[in-house]
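**Student:** Coordinates for the following, if possible.
(one chain, ligands or ions: 1)
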Amino acid sequence: MESYIVFGLVLLVVVIGATLALVAPRYRKPPTLPPPTEEKPPTPAPTEQAPTIEKAPPRAKAPPAGIKPSVIDAPPPVPAAPPVVEAPPPVEVPEVEVPAPTAGRLVRLRARLSRSQNVFGKGLLALLSRDKLDDDTWDEVEETLIGADVGVAATTDIVGKLRERARIHGTATATELRAMLADELVAALDPQMDRTLAARPQDGRPAVLLVVGVNGAGKTTTCGKIARVLVADGHTVVLGAADTFRAAAAEQLATWAGRVGAEVVRGPEGADPASVAFDAVKRGIDAGVDTVLIDTAGRLQNKVGLMDELGKVKRVVEKHGPVDETLLILDATTGQNGLEQARVFTEVVDVTGVVLTKLDGTAKGGIVIAVQRKLGIPVKLVGLGEGPDDLAPFDARQFVDALVGADA
Ligand SMILES: Nc1nc2c(ncn2[C@@H]2O[C@H](COP(=O)(O)OP(=O)(O)OP(=O)(O)O)[C@@H](O)[C@H]2O)c(=O)[nH]1
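**Tutor:** As a prediction, the model looks like this:
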């Protein structure tokens with residue numbers, strides 16, 4: 001009987017225990033989720049099979065050839081950048097340029113005269129187009145020409161002749177009057193004057209050209225441009241840097257020369273300009289070139305010492321033989337002041353030709369007429385810009401046609 005009671009109690013304990021085991025999980029606390037975090041790339045499971053190609057980290061460099069990217073290890077460290085070894089700069093071989101041909105340059109550059117064209121072409125044409133050409137109109141024509149630096153004497157002459165022709169014609173149209181004006185301007189420029197540069201060798205000796213003028217007129221630049229003109233026309237040239245006063249002048253000249261393959265003779269800074277000029281001519285003779293072109297320092301016409309120095313340069317050069325051409329460089333924008341400079345220069349050295357620079361920067365293209373009339377020396381070249389080939393041989397008809405807007 002007792003054993004039945006013990007068995008019953010054991011059975012009861014088992015049943016109660018099983019019931020509790022089934023019911024208890026319903027009352028457990030649910031698991032709390034970790035707060036949302038930024039999505040992280042799953043850590044690759046370590047496995048030695050099925051390799052996956054990892055995306056290269058941004059900006060990471062591709063591993064050097066021959067090294068396989070590992071998909072198991074962390075991305076390979078970016079190899080340290082090799083030390084930067086600067087490549088030596090390429091050796092600069094100076095390129096010899098082929099200058100533009102000189103024929104027809106004035107026609108090509110006619111647009112550069114635009115400021116003067118406004119006065120001569122548009123301004124004068126407007127006056128000559130008036131229904132009635134009375135005294136007042138002719139006075140205005142005169143004022144316009146004087147304003148364009150033609151000079152009083154030349155203007156009186158030009159307008160007098162034009163007026164007379166208009167009177168004889170009676171009913172000239174504006175176009176006919178413009179053509180008459182052009183004729184008178186050409187006549188005032190003395191188209192018969194010889195404007196050729198004396199740049200050809202004589203008796204087996206190079207022609208010697210001396211370039212003179214006041215400071216900043218454009219001497220060195222013009223020397224460089226003339227060298228190009230000569231080279232373009234088939235001459236061989238030596239340049240003499242006798243502007244030993246301005247430190248940069250010799251360098252500037254050497255650059256111009258290098259561009260067309262010409263040689264430069266230069267002395268140390270502050271050297272005697274006469275001795276540099278002498279050496280340049282000697283070099284030209286020895287090398288058998290066609291032309292020696294000598295740049296001199298800018299000097300004010302009222303500085304006696306400097307003007308004497310210029311006379312000395314010429315005399316010393318002449319020990320080799322005569323100077324064939326002395327070119328006076330005049331800045332067209334200085335207008336009538338340039339005429340006084342010019343007069344003094346002609347007293348010290350025998351100026352044989354004028355180069356009018358910076359005609360592109362002035363409305364006073366009439367200065368060409370005034371210079372020739374006052375000095376009786378031909379304008380041989382005109383500067384129409386800072387470009388290397390912006391120097392044109394002067395031609396009276398082409399110049400006037402460009403000014404008054406006649407067809408080229
Ligand atoms: N617009 C224009 N500028 C010019 C012309 N010719 C020369 N120039 C400029 O004028 C300036 C002076 O020229 P340079 O050749 O140095 O003058 P320079 O007479 O040798 O000067 P110095 O040696 O100081 O007497 C430069 O900036 C040239 O580029 C031209 O025809 N037109």
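**Student:** What residues are bridge-paired with whatever residue of the stretch 301-408 of the chain ends up closest to the ligand?
**Tutor:** Nearest residue of the stretch 301-408 of the chain to the ligand: residue 383, at 2.4 Å (C-beta to the nearest ligand atom). Quick note: C-beta positions are derived from backbone N, CA and C, even for glycine. Residue 383 has these beta-bridge partners by DSSP bridges: residue 391.
**Student:** Provide a list of residues in contact with it.
**Tutor:** Neighbour list for residue 383: 218, 221-222, 225, 332, 355-360, 390-391 [criterion: C-beta atoms under 8 Å, 6 or more residues apart in numbering].
**Student:** Between those residues, which sits nearest residue 173?
**Tutor:** Nearest to residue 173 among the contacts of residue 383 is residue 359, at 29.7 Å by C-beta to C-beta.
**Student:** Would you verify that residue 121 is located in a helix?
**Tutor:** Yes. Assessed with DSSP: H, G, I helix; E, B strand; the rest coil, residue 121 lies in a helix.
**Student:** which residue sits closest to it in space, ignoring its chain neighbours?
**Tutor:** With sequence-adjacent residues excluded and distances taken as C-beta to C-beta, 6 or more residues apart in numbering, residue 121 is closest to residue 405, at 3.5 Å.
**Student:** mind listing what whichever residue of the stretch 1-150 of the chain sits closest to the ligand touches?
**Tutor:** Residue nearest to the ligand within the stretch 1-150 of the chain: residue 112 (8.3 Å; C-beta to the nearest ligand atom). Contact analysis of residue 112 by C-beta under 8 Å, 6+ apart lists 359-360, 384-385, 390.
**Student:** if you set the cut-off to 7 Å instead, what comes out?
**Tutor:** Taking C-beta atoms under 7 Å, 6 or more residues apart in numbering, we find residue 112 in contact with 360, 384-385.
**Student:** Scan those and report the most crowded one.
**Tutor:** Among the contacts of residue 112, residue 384 has the most neighbours (other C-beta atoms under 10 Å), with 26 neighbours.
**Student:** Now do that residue against residue 370, distance only.
**Tutor:** Noted for residue 384: a distance of 18 Å to residue 370, by C-beta to C-beta, to the nearest Å.
**Student:** Give the burial count for residue 392, as a bare number.
**Tutor:** By the criterion of other C-beta under 10 Å, residue 392 has 26 neighbours.
**Student:** wait, isn't it in contact with residue 106?
**Tutor:** Yes. Using C-beta atoms under 7 Å, residue 392 is in contact with residue 106, at 4.1 Å.
**Student:** where's residue 179 relative to residue 172, distance?
**Tutor:** For residue 179, the distance to residue 172 - C-beta to C-beta - is 9 Å.
**Student:** now swap in residue 404 and tell me
**Tutor:** 15 Å.
**Student:** Just name the closest of the contacts of residue 112 to residue 119, please.
**Tutor:** Lowest distance from residue 119 to the contacts of residue 112 (C-beta to C-beta) belongs to residue 360, with 14.2 Å.
**Student:** Make sure that closest one is indeed in a helix.
**Tutor:** Yes. Assignment of residue 360 by three-state DSSP places it within a helix.
**Student:** How about residue 267: what's its closest non-neighbour residue?
**Tutor:** Among residues not flanking residue 267 along the chain, residue 276 sits closest, at 4.2 Å (C-beta to C-beta, 6+ apart).
**Student:** Also residue 165?
**Tutor:** residue 180 (5.1 Å).
**Student:** who's in contact with stretch 204-214?
**Tutor:** Against stretch 204-214 from outside (C-beta under 7 Å, 6+ apart): 198-201, 219, 222-223, 281, 284-285, 289-296, 298-301, 310, 314, 317, 321, 323-330, 341, 345, 349.
**Student:** switch to 6 Å and redo it
**Tutor:** 198-201, 219, 223, 281, 284, 289-296, 298, 300, 321, 323-329, 341, 345 (C-beta atoms under 6 Å, 6 or more residues apart in numbering).
**Student:** Helices of the stretch 201-350 of the chain, residue ranges please.
**Tutor:** Remark: helices assigned in the stretch 201-350 of the chain by DSSP state H, counting those that start in this stretch are 219-232, 247-259, 273-287, 304-317, 336-348.
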